[in-house]
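>>> next comes the sequence, and after it the predicted model I'd like to discuss.
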Amino acid sequence: MQSGPGWQKPKSTGQGQGIDTCDVRANIKGNNSLQPADDREPEIALMDLENLSSLSGQVDNLIQRVGPIHILVNNAGVSSRGQVEDTTVDALIKVMTVNLFGQVAVTKAVLSHMISAGEGSIVGISSIQGKIAIPYRAAYAASKHAFHAFHDSLKAEVAHRDIDVCVVCPSYIQTNLSKNAVTGDGSPYGVEEKDITNGMKPEYVARQILLSVIERRDEVVLGPLHHRLAIVLRTLSPYIYFFIMKHRANSSRKQYLKNN
């Protein structure tokens, strides 16, 4: 969240602790130049996204303490690993609560203040898996599809109020997302996957998020070409896409059985 004069992006606990390191100041509505932020320390307000009833009050208290929120980056996230047949409903609910309902609650609380102010920017950090689904991540993909759709609907509803909404869909990022993922029984996955190790640098992703606000973009997809092409393939040729996904499921099944 950004509040008070200028813009400082404070640290968060979202997306496996990583996309939260850039302090910058910018004129959001028209100046594309980036300058170092002042020396003011970011203020961290911890929120439990699974405690839905507490979030609105916490947002109100934060605004009373530090001033209006001009930019909201919905960046919390927990991933999942495991077969659908082995995944408990409780594990599904946990992922959906953190990735969707908790952030929806925060967004609604902040939105009312942005509407009163007549401006604001909301960025939803979705995933390429908000556009396509891959095996053994059903809970995560479902939550990101819903998260993405929520922001798409919100974007159209608040456009006339001069409130910008952008969805950023990154591929793999070098964070702790896979280590902190939940397995079918809700326990930590605890494995750093190769795709994560070789993923994008958090600093690069953070800068792209910033630019998405400055340039008032509607949607940004970040990742290697073959990941972006997978989105197109899913739309134009579902048969080929699902053939590839079936092969992927078969080749990685033992990995997720062993770790689940």
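That came in fine, so what should we check first?
>>> could you use CA atoms for every contact and neighbour count after this?
Fine.
>>> helices of the stretch 51-200 of the chain, residue ranges please.
For the stretch 51-200 of the chain, the helices defined by DSSP state H, counting those that start in this stretch occupy 52-66, 89-96, 102-117, 138-158, 194-197.
>>> what's the closest of those to Val165?
Closest approach to Val165 among the helices of the stretch 51-200 of the chain is made by helix 138-158 (5.0 Å; CA to CA).
>>> tell me the angle the closest one makes with helix 89-96.
40 degrees (axes from the mean of the first three to the mean of the last three CA atoms, to 10 degrees).
>>> what is the mean pLDDT for helix 138-158?
The average of the pLDDT scores along helix 138-158 is 98.
>>> where does this structure have low pLDDT?
1-40, 258-260 (pLDDT under 70).
>>> that older thread, turn the helices of the stretch 51-200 of the chain into CSV, columns for mean neighbour count and distance to Leu257.
Below are those laid out as CSV (neighbours: other CA atoms under 10 Å; distance: least, CA to CA, whole Å):
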stretch, mean neighbour count, distance to Leu257
helix 52-66, 15, 32
helix 89-96, 19, 16
helix 102-117, 18, 30
helix 138-158, 20, 15
helix 194-197, 14, 18
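>>> Ile231: which of those helices is closest?
Of all those, helix 138-158 sits nearest to Ile231, with 12.9 Å by CA to CA.
>>> which helices and strands sit right next to that closest one?
helix 89-96, strand 120-125, strand 163-170 (3 or more CA pairs under 8 Å, 6 or more residues apart in numbering; DSSP states H and E).
>>> outside of the first one, which residues touch it?
Residues external to helix 89-96 that are found in contact with it (CA atoms under 8 Å, 6 or more residues apart in numbering): 50, 78-80, 139-140, 142-143, 182-186.
>>> distance to Gly57 added to those residues, as TSV?
TSV is the format used below for the contacts of helix 89-96 (distance: CA to CA, whole Å):
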residue	distance to Gly57
Glu50	14
Val78	23
Ser79	27
Ser80	29
Ala139	28
Tyr140	28
Ala142	28
Ser143	24
Val182	28
Thr183	32
Gly184	32
Asp185	31
Gly186	28
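>>> nearest to Ser112, of those residues?
Glu50 (21.1 Å).
>>> what is the helix or strand where Ala206 lies packed up against?
Per DSSP states H and E: Ala206 is located in helix 202-214. For helix 202-214, the packing partners by 3+ CA pairs under 8 Å, 6+ apart come out as strand 120-125, strand 163-170, strand 219-222.
>>> as JSON lines, the ones you listed with distance to Ala156 would be great.
Shown next, in JSON lines, are these (distance: least, CA to CA, whole Å):
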{"stretch": "strand 120-125", "distance to Ala156": "13"}
{"stretch": "strand 163-170", "distance to Ala156": "9"}
{"stretch": "strand 219-222", "distance to Ala156": "13"}
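>>> and Val84, how many neighbours?
15 (other CA atoms under 10 Å).
>>> I figured it hits Ala141, correct?
No: Val84 is not in contact with Ala141 according to CA atoms under 8 Å; the separation is 11.8 Å.
>>> next, the angle strand 120-125 makes with the helix holding Ala206.
Using the same axes, to 10 degrees, helix 202-214 lies at 140 degrees relative to strand 120-125.
>>> let me have the helices and strands packed on helix 202-214 in CSV, adding mean neighbour count as columns.
What follows is the helices and strands packed on helix 202-214, written out as CSV (neighbours: other CA atoms under 10 Å):
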stretch, mean neighbour count
strand 120-125, 25
strand 163-170, 24
strand 219-222, 17
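>>> out of those strands, which is closest to Val59?
Checked against CA to CA, the stretch from the helices and strands packed on helix 202-214 lying closest is strand 120-125, at 14.7 Å.
>>> okay, now the sheet partners of the closest one, with direction.
If you go by DSSP bridges, strand 120-125 pairs up with strand 69-74 (parallel), strand 163-170 (parallel).
>>> distance between the shortest one and the chain's centre?
I take that to be strand 69-74. 13 Å (CA atoms, centre = their mean, to the nearest Å).
>>> cool, and stretch 132-141?
15 Å.
>>> export it to PDB, keeping only CA atoms.
The C-alpha atoms that make up stretch 132-141 are tabulated as PDB, following Å, rounded to 0.1, in the frame of the first residue of the first chain:
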ATOM      1  CA  ILE A 132      -3.900 -21.200 -17.800                       C
ATOM      2  CA  ALA A 133      -3.800 -24.100 -15.400                       C
ATOM      3  CA  ILE A 134      -1.100 -26.700 -15.000                       C
ATOM      4  CA  PRO A 135      -1.100 -30.100 -13.200                       C
ATOM      5  CA  TYR A 136      -0.700 -30.500  -9.400                       C
ATOM      6  CA  ARG A 137      -1.500 -26.800  -8.800                       C
ATOM      7  CA  ALA A 138      -5.300 -26.900  -9.000                       C
ATOM      8  CA  ALA A 139      -6.000 -24.900  -5.800                       C
ATOM      9  CA  TYR A 140      -3.500 -22.200  -6.800                       C
ATOM     10  CA  ALA A 141      -4.700 -22.000 -10.400                       C
END
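>>> nice, that's everything, thank you.
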